[in-house]
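K.L.:
Dropping a prediction and its sequence here:
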Amino acid sequence: MKKDTNLPECERCLNRREIRVTRADNRMMPCPKCQEPQYRDACRAVLRKKLKTTAGKLADYKWGDLDISEGLRARILDWMLDEPDGTGLTLIGEVGRGKSTIALTSALEYCVRHDIYDVLYVFVPKLLRQLRGTWDKNPDLDTEVNMIKRLEDCDLLILDNIVAGKEYAAGVLLEILDGRLLHRRTTIATSKHGMPELVGLLAEHGEDIVSRLVTMNGKAIRLEGKNRHIEGLE
């Protein structure tokens with residue numbers, strides 16, 4: 001995992017996250033200083049600032065403030081506590097059910113718990129527009145190859161709002177997910193469409209894309225309830 005040089009420094013272990021049990025014992029143990037709430041809060045602040053550059057105010061929400069059922073909270077907590085092995089989350093549900101908020105807050109807590117700071121958030125429709133922009137060969141724009149490689153390689157990726165896509169869009173998604181599955185990178189994905197529906201909405205790659213999501217993340221979590229974006233406006 002890549003380290004973030006902007007992290008607050010732990011003076012006890014110098015951000016190695018481990019210390020020796022005793023001088024005579026060569027075994028290592030987690031650094032207790034890094035586990036203190038104040039240090040963890042400082043790490044959350046670094047992550048939140050990083051995620052705000054692409055996720056905006058979504059990165060301001062906190063795990064403890066989420067209005068979700070105890071069953072859903074327990075399921076996500078079980079995932080958070082497991083050792084990172086490439087398993088992520090897939091959240092599905094209609095607009096306004098809290099998919100993006102849950103994805104961001106869960107990702108932030110997961111990263112803090114597992115000392116992960118190489119994390120990226122992308123809104124999938126915007127990502128695809130940016131990738132098409134690289135076709136103009138503007139020297140100030142990143143290349144398509146480099147953008148896709150960063151998304152394949154980062155330790156945790158949030159793919160927000162996977163929607164219907166034609167051949168190019170579906171091919172890009174498949175390439176990203178294929179790379180992440182191969183290297184066992186953690187991915188959180190959201191969509192308003194269910195898995196069977198996505199198969200038919202992502203051109204000829206739909207079945208392959210859904211297959212990779214299921215292989216990495218298991219059964220999708222469906223979010224129910226009212227549209228929180230418009231609730232109370234009537």
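P.N.:
Good, I have the coordinates.

K.L.:
Please give the element, helix or strand, for A189.
P.N.:
Element membership of A189 [criterion: DSSP states H and E] is strand 186-191.

K.L.:
What is that strand packed up against?
P.N.:
Helices and strands touching strand 186-191, by 3 or more CB pairs under 8 Å, 6 or more residues apart in numbering; DSSP states H and E, are strand 89-92, helix 99-114, strand 156-160, helix 206-217. In this view, the C-beta of every residue, glycine as well, is placed from N, C-alpha and C.

K.L.:
Can you give the contact residues for the longest one?
P.N.:
Read it as helix 99-114. Outside helix 99-114, the residues that touch it by CB atoms under 8 Å, 6 or more residues apart in numbering are 40, 43-44, 47-48, 51, 55, 58-59, 61-63, 66, 68, 76, 79-81, 83-84, 89, 91-93, 116-117, 119, 121, 156, 158, 160-161, 186, 188, 190-192, 223.

K.L.:
Give me the residue at the spatial middle of the chain.
P.N.:
With distances taken as CA atoms, centre = their mean, I158 lies nearest the centre of the chain, 3.1 Å away.

K.L.:
Next one, pLDDT for that residue please.
P.N.:
You'll see I158 listed with a pLDDT of 97.

K.L.:
At which residues are the helices of this structure located?
P.N.:
Under the criterion DSSP state H, the chain carries helices at the ranges 37-55, 70-81, 99-114, 124-133, 144-153, 167-182, 195-201, 206-217.

K.L.:
pLDDT of the second one, averaged?
P.N.:
Averaged across helix 70-81, pLDDT comes to 92.

K.L.:
any idea of the angle that helix forms with helix 99-114?
P.N.:
If you take axes from the mean of the first three to the mean of the last three CA atoms, to 10 degrees, helix 70-81 sits at 40 degrees to helix 99-114.

K.L.:
So which of the helices and strands packed on strand 186-191 is nearest E18?
P.N.:
In terms of CB to CB, the element of those nearest to E18 is helix 99-114, at 13.9 Å.

K.L.:
Out of the helices of the chain, which is closest to I230?
P.N.:
helix 99-114 (15.5 Å).

K.L.:
that older thread, from the helices and strands packed on strand 186-191, which stretch is densest packed?
P.N.:
Compared across the helices and strands packed on strand 186-191, strand 156-160 shows the largest average neighbour count, a mean of 25 (mean count of other CB atoms under 10 Å).
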